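Q: next one to model:
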Amino acid sequence: MNIAVLQRELDELQRASTLFEARNFRARKEALDFTSVIEKISAENYRDNAEALFRLRQQARELGERVHVFNRAIARDWYARLKSGRPAPQELRNSLQPYSDYVPLKWGTLHYGYENLDFLLEEILLPQPHPQAALDLEQGMVRYEPTPASVILELTERITFTDDDVFYDLGSGLGKVILLVHLLTNTRCVGVEYQSDFCRYADQKAHELNLAGVRYINADARYADYADATVFFFFNPFGGVIFPAVLERLHQEAQHRDIRICSYGSSTLPLSELPWLEYLPPRNEDAAALAIFRSRSC
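A: As a prediction, the model looks like this:
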């Protein structure tokens with residue numbers, strides 16, 4: 001890496017007028033990623049330019065700290081609103097909407113990557129430090145990958161939840177989907193997560209926000225109890241022999257009541273091929289679109 005080039009890029013970043021616009025979390029995330037790259041530069045490779053590298057690192061750290069302080073201040077205000085005087089679901093949705101490119105009621109759209117809303121929610125709901133996966137993954141299990149928040153904005157528009165519904169996120173990770181669905185609908189929500197440290201973290205965050213309608217189960221999704229579940233969510237949750245085993249469990253549940261399955265990512269195609277599920281419109285089989293299925297009547 002050329003120190004002079006990095007210095008110019010850092011200087012440009014510091015002068016960017018939009019970096020500290022309140023809603024511009026994506027730009028600040030990119031800035032933090034850039035400062036992290038600078039921090040990891042090995043001094044051994046730049047002995048002849050050690051002073052310039054020192055100055056570069058120092059400026060990068062200062063910028064990174066400014067960004068963190070700015071983000072945390074915004075997150076504190078949001079967190080206080082959620083904890084002390086939690087807004088009604090529609091009011092919260094209206095407040096979050098400006099942070100997302102998702103157009104309300106434009107169902108079947110494609111959801112690519114993460115945006116300002118995701119980085120805002122991470123600051124509010126899932127603050128660092130995050131736990132690391134402690135358990136070895138079995139064949140077919142996948143690494144943690146958060147669901148884009150725009151997917152959940154669409155999901156909570158398309159699903160009309162009643163008092164009888166219970167929403168399950170299979171492979172709930174740090175709990176983002178569960179927290180957001182509950183906040184946007186007041187629906188009872190359950191996360192099923194194999195990694196115990198993830199479960200403890202998610203449960204702690206829900207408890208800190210006094211979300212009585214949220215709980216997490218530390219379990220293998222093949223063996224969890226789904227007796228009260230009516231709506232399920234998948235985001236690239238499993239592969240190998242695990243996914244068919246989970247689907248068979250849900251098929252058994254569908255013999256007793258109607259269920260809906262929401263899918264984003266690679267799980268959509270195999271779900272669309274199951275004869276006991278009906279694809280609800282709008283139908284977009286692209287893996288980047290949200291798909292919703294309903295169990296067929298027996």
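Q: once you drop chain neighbours, what's closest to Y201?
A: The shortest distance from Y201 to any non-neighbouring residue, by CB to CB, 6 or more residues apart in numbering, is to P131 (5.0 Å). Where you see a C-beta, it was placed from the backbone N, CA and C, and this is true even at glycine.
Q: break this structure into its domains for me.
A: The record assigns the chain these domain ranges, following automatic domain parsing: 3-84, 92-295.
Q: tell me where the chain has strands.
A: 166-170, 188-193, 214-218, 231-235, 260-264, 277-279, 290-295 (DSSP state E).
Q: if we can go back for a sec, deepest of the domains of the chain, which one?
A: Neighbour counts (mean count of other CB atoms under 10 Å) averaged over each of the domains of the chain peak at domain 92-295, with a mean of 18.
Q: what about it, start to end distance?
A: 31 Å (CA to CA, to the nearest Å).
Q: what do you get for stretch 276-295?
A: Stretch 276-295 end-to-end distance (CA to CA) = 6 Å.
Q: so can I have JSON lines of the domains of the chain showing mean pLDDT?
A: JSON lines is the format used below for these (pLDDT from 0 to 100):
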{"stretch": "domain 3-84", "mean pLDDT": "93"}
{"stretch": "domain 92-295", "mean pLDDT": "95"}
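Q: pull the contacting residues for the residue nearest to Y201.
A: By CB atoms under 8 Å, 6 or more residues apart in numbering, P131 lies in contact with 174, 195, 197-198, 200-201.
Q: equivalent analysis for N71, please.
A: Applying CB under 8 Å, 6+ apart, the residues near N71 are 25, 28, 119, 123.
Q: 7 Å - rerun?
A: Residues near N71 by CB atoms under 7 Å, 6 or more residues apart in numbering: 25, 28, 123.
Q: next: S295.
A: 254, 258-259, 276-277.
Q: excluding chain neighbours, what is closest to it?
A: Closest to S295 by CB to CB, 6+ apart is A254, at 3.8 Å.
Q: again with A149
A: A149's closest residue in space is L117 (CB to CB, 6+ apart), at 4.5 Å.
Q: how close does the one you found sit to D220?
A: L117 sits 31 Å away from D220, going by CB to CB, to the nearest Å.
Q: ok, Y168 next?
A: From Y168 to D220 the distance is 14 Å (CB to CB).
Q: also V214?
A: 21 Å.
Q: where along the stretch 151-298 of the chain do the helices fall?
A: Here the stretch 151-298 of the chain has its helices, by DSSP state H, counting those that start in this stretch, at 176-185, 196-208, 242-254, 268-272.
Q: what are the contacting residues of stretch 105-125?
A: Contacts of stretch 105-125 (CB under 7 Å, 6+ apart): 23-26, 29, 71-72, 74-75, 78-79, 96, 99-103, 148-151, 154, 157-158, 176, 179-180, 205, 264, 282, 284, 286, 288-290.
Q: what about 6 Å?
A: 23, 25-26, 29, 71, 75, 78-79, 99-101, 148-151, 158, 179, 282, 284, 286, 288-289 (CB atoms under 6 Å, 6 or more residues apart in numbering).
Q: try stretch 156-169
A: Stretch 156-169 has contacts (CB under 6 Å, 6+ apart) with 107, 177-178, 181, 184-185, 187-191, 228-233, 292.
Q: and which of the contacts of P131 is nearest to L6?
A: Nearest to L6 out of these is L174 (CB to CB; 32.0 Å).
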